[in-house]
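Participant: Just a sequence and a predicted model for now, questions to come.
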Amino acid sequence: GVLSMLVPNIELLRNSSIRAGIGQNLGAIDNQAGDITLDAAGTILISENSSIRNDVFNGGVGSSGNILISTSGTFKLKSSFVQNGVLERGIGKNGKLAINALNIDISDNSDINSGTASRLNSLNSQGQDIILNAAGEITVSGNSSVQNSVFNGGIGNSGNIFFNVGTNLKVTNSLVQSLVSRQGIGNNGRITINARNIDISENSDINTGTQSNLNSLDNKLQDLVLDATEFISVSGGSSVRSSVFSDGVGNGGNLYITTRNLIVKNSQIGTSTFGIGSSGDLIVSATESIMLSGELPSGVAPGGLFA
């Protein structure tokens with residue numbers, strides 16, 4: 001059934017959990033789990049190793065429901081995770097994961113994950129999207145991640161990741177990724193980021209691509225799109241990449257950068273292939289300025305734009 005909470009404020013603390021989905025050794029291929037819906041007028045805080053999950057668990061068969069979170073204030077995820085996926089021995093597809101808030105703050109080793117790790121799925125299994133909407137700003141910091149991927153050994157296609165940000169997106173020492181991981185089979189999803197300013201710093205990575213050597217050259221990977229009305233800054237050993245990584249097989253997606261001012265300092269933006277297949281195109285449109293400076297902190301490669 002549906003799990004719904006409509007209250008002024010929500011706090012999930014100290015190893016607490018909200019769960020739904022298809023349980024272990026339950027379900028059938030046409031089974032649909034219910035949604036998790038959280039709606040608060042104030043603040044939603046998920047902290048201290050707590051979690052929200054709507055999964056197809058190991059041995060389960062069917063489709064997980066959506067996770068729908070909405071608040072007029074701040075959604076804060078600290079040292080915790082939100083997940084909508086298909087686990088290693090599950091069969092089916094995951095639902096949508098959507099967060100709508102004034103501000104979204106993901107920090108301190110927190111994760112927002114969607115996708116499939118199922119070794120039992122078919123290539124027709126299509127995962128749903130992660131959608132993060134904030135009228136103010138979104139921050140991802142402190143070794144946190146937002147991922148929608150085909151995880152190690154998984155089979156199927158991951159959904160997309162959308163960031164729609166009214167002011168600033170800040171990614172600091174963290175990861176945003178849609179990837180076909182090693183031993184996975186299928187396609188990644190598209191990452192699309194729209195904001196006024198995009199600031200990627202302190203060894204952060206925004207990646208699309210494949211590491212899988214089990215795919216074929218018929219696989220065309222999805223694109224990575226960054227669009228900021230004012231500036232995009234990539235600094236401190238960070239990277240924005242659409243790649244066929246080492247040992248991967250497939251054809252990389254394109255990387256689109258659109259902004260007024262682009263700043264790349266001791267970091268890299270590019271498309272590449274280190275495996276088998278072709279890289280995608282890098283298309284940069286900056287209406288006012290492009291500033292490139294420095295090399296990677298390790299000194300092993302220059303910074304800048306690469307394709």
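Facilitator: Nice, thanks for sending it over.
Participant: What mean pLDDT does stretch 181-197 get?
Facilitator: In this model, stretch 181-197 carries a mean pLDDT of 94.
Participant: in the stretch 201-307 of the chain, which spans are strands?
Facilitator: For the stretch 201-307 of the chain, applying DSSP state E, counting those that start in this stretch gives strands covering 205-210, 224-235, 239-244, 255-265, 268-273, 282-293, 304-306.
Participant: from the middle of its chain, how far away would the last one be?
Facilitator: Read that as strand 304-306. Centroid displacement of strand 304-306 relative to its chain, using Cα atoms, centre = their mean, to the nearest Å, is 23 Å.
Participant: What strands flank it, and is each parallel or antiparallel?
Facilitator: strand 268-273 (parallel) (DSSP bridges).
Participant: Quote the end-to-end distance of stretch 293-301.
Facilitator: 12 Å (Cα to Cα, to the nearest Å).
Participant: List the buried residues for that stretch?
Facilitator: The neighbour-count check on stretch 293-301 (16 or more other Cβ atoms under 10 Å) flags Glu295, Leu296 as buried. Where C-beta positions appear, they are placed from N, C-alpha and C, glycine not excepted.
Participant: who touches it?
Facilitator: Stretch 293-301 is contacted by residues Asn203, Gly236, Gly237, Val264, Lys265, Asn266, Ser267, Gln268, Pro302, Gly303 when judged by Cβ atoms under 8 Å, 6 or more residues apart in numbering.
Participant: Lowest-confidence entry in those?
Facilitator: pLDDT across the contacts of stretch 293-301 is lowest for Pro302, at 84.
Participant: Could you tell me how many residues sit around that one?
Facilitator: Counted by other Cβ atoms under 10 Å, the residues lying close to Pro302 total 13.
Participant: Now do it against Ser243, distance only.
Facilitator: If you measure Pro302 against Ser243 using Cβ to Cβ, to the nearest Å, the figure is 17 Å.
Participant: which regions of the stretch 201-307 of the chain lie under the pLDDT threshold?
Facilitator: The model of the stretch 201-307 of the chain has pLDDT under 70 over residues 299-300.
Participant: Nearest the middle, which residue of this protein would you pick?
Facilitator: Gln147 (3.0 Å; Cα atoms, centre = their mean).
Participant: what bridges to it?
Facilitator: On the basis of DSSP bridges, Gln147 is bridged to Asn113, Gln177.
Participant: What's opposite the residue nearest to Arg241 when sequence neighbours are not counted in the beta bridge?
Facilitator: Leaving aside its chain neighbours, Arg241 sits nearest to Asn207 (5.1 Å; criterion: Cβ to Cβ, 6 or more residues apart in numbering). Counting by DSSP bridges, Asn207 is bridged to Gln177, Arg241.
Participant: and if you look at Leu68?
Facilitator: Per DSSP bridges, residues listed as beta-bridge partners of Leu68: Thr37, Ala98.
Participant: do the one 10 residues further on as well
Facilitator: With DSSP bridges as the criterion, Lys78 is bridged to Ser47, Ser107.
Participant: separation between it and Ile44?
Facilitator: From Lys78 across to Ile44, the span is 11 Å (Cβ to Cβ).
Participant: neighbour-wise, which of the two wins?
Facilitator: Neighbour comparison, Lys78 and Ile44: the larger count goes to Ile44, with 25 against 19 (by other Cβ under 10 Å).
Participant: list the contacts for the more buried one?
Facilitator: Neighbour list for Ile44: Asn9, Ile10, Glu11, Leu38, Ile69, Thr71, Gly73, Thr74, Phe75, Lys76, Ala101 [criterion: Cβ under 8 Å, 6+ apart].
Participant: ok, now how distant is it from Leu132?
Facilitator: 13 Å.
Participant: Ignoring the adjacent residues along the chain, who's closest to the residue of the chain positioned farthest from its centre?
Facilitator: Most distant from the centre of the chain: Glu288, at 29.4 Å, with distances by Cα atoms, centre = their mean. Excluding its sequence neighbours, the residue lying closest to Glu288 (Cβ to Cβ, 6+ apart) is Arg260, at 4.6 Å.
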